[in-house]
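[1] here is my input, please return the structure:
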Amino acid sequence: MHIGILQCGQSPAQLKQALGDYPDMFMRLLDGRGFTFAVFHVEAMQFPSSIHDADGWLLTGSRHGVYEDHPFIPPLQDFIRAAHQDGVPMVGICFGHQIIAQALGGTVVKHPAGWAVGTQDYEFDGATLRLNAWHQDQVVALPPGAEVAGRNAFCENAALIYGDRAYTVQAHPEFDDAFVQGLMDTRAKGVVPDDLLADASARMGQDKASPLIADRIEAFFKQPRALVRQDAHGAA
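    Residues are numbered from 1 along each chain as shown. Predicted coordinates:
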């Protein structure tokens, strides 16, 4: 199955050589699952010629806000709406989660409660899954047809399922602790409160459920109706 990665942002330059860019991380996360990949750097206005250039689309994270005025955001939202209308499956992570929601009629804001950084616990279908996060923005109003598939007390809409057309997660299953530490070292100073950084440092090394989210991404791309039953309606 051929997956197009829509790259919406970039890893800090100081981290790329050792830890890779965002598409590299998703290829590692989904390695061995029968996918081939093509990367389109949409942040740099490199768009596919058609929503049918891949069997499914994966939208990455970004340091940008989806509500900000960047040239790539309007055409990306048009692409999302076209793919959704034609039933080409999409997976969105962090910024990808947010821009799919916004493009389809939801609301995303810079959340007044502040940041989620590092290891966080989420409830997915009655199970607690531990994942790395790095965000201040949140989806605060759902688009029509979206259902909550994952949440915690800080982020009520932490994962969404849109029938068999889109599956999105606010957290970062592709981020390991080394990359989160790198973000803390390169992007957090003067931006993220010191107490949150201290807490994130204290939780480093805890096992993450990234492989389970990779399972769900694989299931969604290959058999989306099965994931709809599991995430939106309880265990199949």
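[2] contacts only, for the residue nearest in space to the middle of the chain.
    Nearest residue to the geometric centre of the chain (CA atoms, centre = their mean): Ile93, 0.6 Å. Ile93 makes contact with 26, 58-61, 168-169, 171-174, according to CB atoms under 8 Å, 6 or more residues apart in numbering. All C-beta atoms are positioned from the backbone trio N, CA, C, and that covers glycine.
[3] just the buried ones from those?
    Buried members of these, counted by 16 or more other CB atoms under 10 Å: 26, 58-61, 168-169, 171-174.
[4] check the gap between Val139 and Asp24 for me.
    For Val139, the distance to Asp24 equals 26 Å [CB to CB, to the nearest Å].
[5] pick out whichever of these two has more residues nearby.
    Val139 (28 against 15; other CB atoms under 10 Å).
[6] surely the more buried one and Arg151 touch.
    No: Val139 is beyond contact range of Arg151, at 11.0 Å (criterion: CB atoms under 8 Å).
[7] what is in contact with these two at once?
    Asn157.
[8] which ones are touching the nearest residue to Gln170 once chain neighbours are set aside?
    Spatial nearest neighbour of Gln170, chain neighbours left out: Ala158 (4.6 Å); criterion: CB to CB, 6 or more residues apart in numbering. Contacts for Ala158 (CB under 8 Å, 6+ apart) come out as 122, 148, 150-152, 169-171.
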